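In: got a structure for you, letters missing:
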């Protein structure tokens with residue numbers, strides 16, 4: 001497992017100091033935040049129009065004066081189809097990036113300064129997102145701001161349980177926070193539960209950062225006395241946090257979890273504070289537009305259909321009004337805590353289905369969506385996929401790249417089978433079916449990654 005640390009030693013101290021500087025912005029006025037955001041946006045648009053052929057054609061002259069709401073939306077499909085024109089560094093050709101992703105050390109730097117992160121995607125559409133070291137450092141610093149805001153700073157022993165591949169940004173974030181090095185356990189969402197419990201009991205972290213489904217399982221282990229942690233904080237991201245999960249965490253450790261709204265494309269978009277007044281949007285780092293299905297703004301208090309992300313951090317791969325298929329509700333009214341940021345009242349997100357299959361040792365094995373995504377992380381020739389539970393079998397539908405090798409279907413089947421076995425399930429027969437497109441759900445505008453037709 002390659003988990004090169006973006007910061008260590010003195011780098012960690014610098015990141016922490018930068019996080020403290022970011023935290024000081026909590027005392028800015030609303031006008032200061034909006035002025036700063038506007039200037040960063042103008043800088044981003046100037047950079048994009050000067051360095052990206054896609055944005056040069058899109059924005060033309062006077063890019064910095066363009067009204068954001070009047071610019072076209074960037075879908076993941078368009079991004080990946082136009083990747084070589086969107087990137088601002090001509091060395092970052094899609095073929096080279098995907099070769100790096102599929103290579104023996106995808107966690108290493110590409111061209112000496114670019115981390116590459118991949119998403120298999122909750123809709124089955126794969127994406128790759130290069131970031132410079134400076135960009136990743138900015139997100140790490142923003143992570144320290146979140147921790148400092150919660151009173152969980154550098155002196156708090158931290159463990160992160162994230163994705164099983166260095167292609168996911170969580171591994172490098174958790175490394176920067178002190179995990180995945182110096183003898184600390186490298187735990188992931190695909191680590192079997194007994195191994196998680198054993199490693200955590202031995203390591204005794206005070207702060208747990210993971211996804212809600214894993215935190216819920218660990219809370220159950222704590223309540224059953226197989227796990228014995230004295231946690232000071234639980235920070236969750238990546239999935240919808242259900243009320244019953246929060247309740248079980250509170251029962252297990254006597255603390256309410258905190259939420260972070262995050263994506264590979266922009267790691268710290270919004271986060272909670274101890275005031276519990278919603279998630280404060282990191283408006284110094286991103287612009288978030290909550291819109292309906294026709295990209296029209298949705299008023300506070302009403303759930304949107306999707307979010308349009310403009311990352312004020314991204315330079316290698318500029319992202320302007322990039323679509324995130326999340327259902328988000330902006331909180332109405334001023335912030336009761338006095339902070340100057342826009343607030344998110346609720347992130348409903350999109351829930352992937354969980355497979356429940358017979359277990360090898362009897363009973364039922366719960367197969368989390370993260371396990372099912374894992375095989376596709378290093379299969380760039382699979383463009384889209386869907387896993388369908390049918391009567392007595394799993395159908396894995398895949399949309400392949402034109403240059404996909406003859407072994408791709410076998411690799412997909414073997415990867416899915418291994419994911420099921422790692423979850424303790426008795427694998428069903430697996431049929432991998434190449435298709436030209438993954439069908440959307442009737443009456444909905446999304447594709448389900450995992451679905452049942454039983």
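Out: Thanks, I have the structure now. For clarity, every value in this text was computed on a predicted model and none was experimentally measured.

In: tell me which residues of stretch 68-76 come out buried.
Out: Neighbour-count burial for stretch 68-76, counted by 16 or more other CB atoms under 10 Å, picks out 71, 74, 76. From N, CA and C alone the C-beta is placed, and that goes for glycine too.

In: what mean pLDDT does it have?
Out: Mean pLDDT, computed over stretch 68-76, is 93.

In: now that stretch: how far from the chain's centre is it?
Out: How far stretch 68-76 lies from its chain's middle: 21 Å, per CA atoms, centre = their mean, to the nearest Å.

In: and stretch 426-439, by the same measure?
Out: Worked out by CA atoms, centre = their mean, stretch 426-439 lies 25 Å from the chain centre.

In: mind showing which ranges of the stretch 1-150 of the chain have poor pLDDT?
Out: Along the stretch 1-150 of the chain, the model assigns pLDDT under 70 to residues 1-10, 120-125.

In: select the longest helix from the protein.
Out: Longest helix of the chain, by residue count under DSSP state H: helix 30-51.

In: quick one: name whatever helix or strand follows it.
Out: Where DSSP states H and E defines the elements, the next helix or strand beyond helix 30-51 is helix 53-59.

In: elements contacting that next one?
Out: In terms of contacts (3 or more CB pairs under 8 Å, 6 or more residues apart in numbering; DSSP states H and E), helix 53-59 is packed against helix 30-51, helix 83-86.

In: and the contacts of that helix?
Out: 45, 48-50, 63, 66, 71-72, 82, 85-86, 318, 320 (CB atoms under 8 Å, 6 or more residues apart in numbering).

In: so how do I select the buried members of those residues in ChimeraX?
Out: Those of the contacts of helix 53-59 that count as buried under 16+ other CB under 10 Å are selected in ChimeraX with:
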select :45,48,49,63,66,71,86,318,320
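
In: and the helices and strands packed on helix 53-59, which is most packed in?
Out: Across the helices and strands packed on helix 53-59, averaging neighbours per residue (mean count of other CB atoms under 10 Å) puts helix 83-86 on top, at a mean of 18.

In: show the subsequent helix or strand relative to that one.
Out: Next in line after helix 83-86, if elements are assigned by DSSP H and E, sits helix 94-101.

In: list the buried residues in that next one.
Out: For helix 94-101, by 16+ other CB under 10 Å, it's 94, 97-98, 100-101.

In: okay, now the domains of the protein?
Out: 1-351, 355-452 (automatic domain parsing).

In: just say which of those is most tucked in.
Out: With neighbours taken as mean count of other CB under 10 Å, the domains of the chain reach their highest mean count in domain 1-351, at a mean of 18.

In: mind listing what the nearest residue to residue 393 once chain neighbours are set aside touches?
Out: Closest residue to residue 393 apart from its sequence neighbours, by CB to CB, 6 or more residues apart in numbering: residue 429 at 4.4 Å. Contacts here follow CB under 8 Å, 6+ apart; on that basis residue 429 touches 392-394.

In: and residue 429, how far from residue 265?
Out: Separation of residue 429 from residue 265 (CB to CB, to the nearest Å) stands at 36 Å.

In: cool, residue 232 as well?
Out: 30 Å.

In: again, but for residue 245
Out: Distance from residue 245 to residue 265, by CB to CB: 25 Å.

In: what's the closest of the contacts of residue 429 to residue 312?
Out: Using CB to CB, residue 394 comes nearest to residue 312 of the contacts of residue 429, at 41.7 Å.

In: ok, which stretches of the stretch 301-450 of the chain are strands?
Out: Ranges of strands within the stretch 301-450 of the chain are 306-311, 322-324, 328-330, 343-347, 355-358, 364-367, 382-390, 393-400, 430-434, 450-452, based on DSSP state E, counting those that start in this stretch.

In: and those strands: which comes nearest residue 31?
Out: With CB to CB as the criterion, residue 31 lies closest to strand 343-347 of those, at 17.1 Å.

In: what residues does the longest helix of the chain touch?
Out: With CB under 8 Å, 6+ apart as the test, helix 30-51 has contacts from 25, 28, 55-56, 58-60, 63-66, 68, 88-89, 283-284, 287, 310-312, 314-315, 318, 320, 340-341.

In: sorry, back to before: any chance of the helices and strands packed on helix 53-59 in CSV, with distance to residue 186 too?
Out: As requested, those are exported to CSV (distance: least, CB to CB, whole Å):
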stretch, distance to residue 186
helix 30-51, 35
helix 83-86, 31
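
In: mind checking which of those is nearest residue 328?
Out: helix 30-51 (18.1 Å).

In: can you tell me which of the helices and strands packed on helix 53-59 is nearest to residue 130?
Out: For residue 130, the closest of the helices and strands packed on helix 53-59 is helix 83-86, at 9.9 Å, according to CB to CB.

In: the closest one packs against which elements?
Out: Against helix 83-86 (3+ CB pairs under 8 Å, 6+ apart) you get helix 53-59, helix 94-101.

In: select, out of the strands of the stretch 301-450 of the chain, the one closest to residue 221.
Out: Here strand 364-367 is closest among these (CB to CB), at 13.3 Å.

In: give me the helices and strands touching that closest one, please.
Out: The helices and strands touching strand 364-367, judged by 3+ CB pairs under 8 Å, 6+ apart, are strand 355-358, helix 408-422.

In: so how far is it from its chain's centroid?
Out: 24 Å.

In: same check, this time on stretch 138-153
Out: Averaging C-alpha positions (CA atoms, centre = their mean) puts stretch 138-153 17 Å from its chain's average.

In: same deal with stretch 267-280?
Out: The chain centre lies 16 Å from the centre of stretch 267-280; the measure is CA atoms, centre = their mean.

In: stretch 363-370 now?
Out: 21 Å.

In: just stretch 205-222 next, same as before
Out: Centre-to-centre, stretch 205-222 and its host chain are 17 Å apart (CA atoms, centre = their mean).

In: pLDDT on it, on average?
Out: 90.

In: residue 221 is nearest to which of the helices and strands packed on helix 83-86?
Out: Smallest distance to residue 221 across the helices and strands packed on helix 83-86 (CB to CB): 34.0 Å, for helix 94-101.
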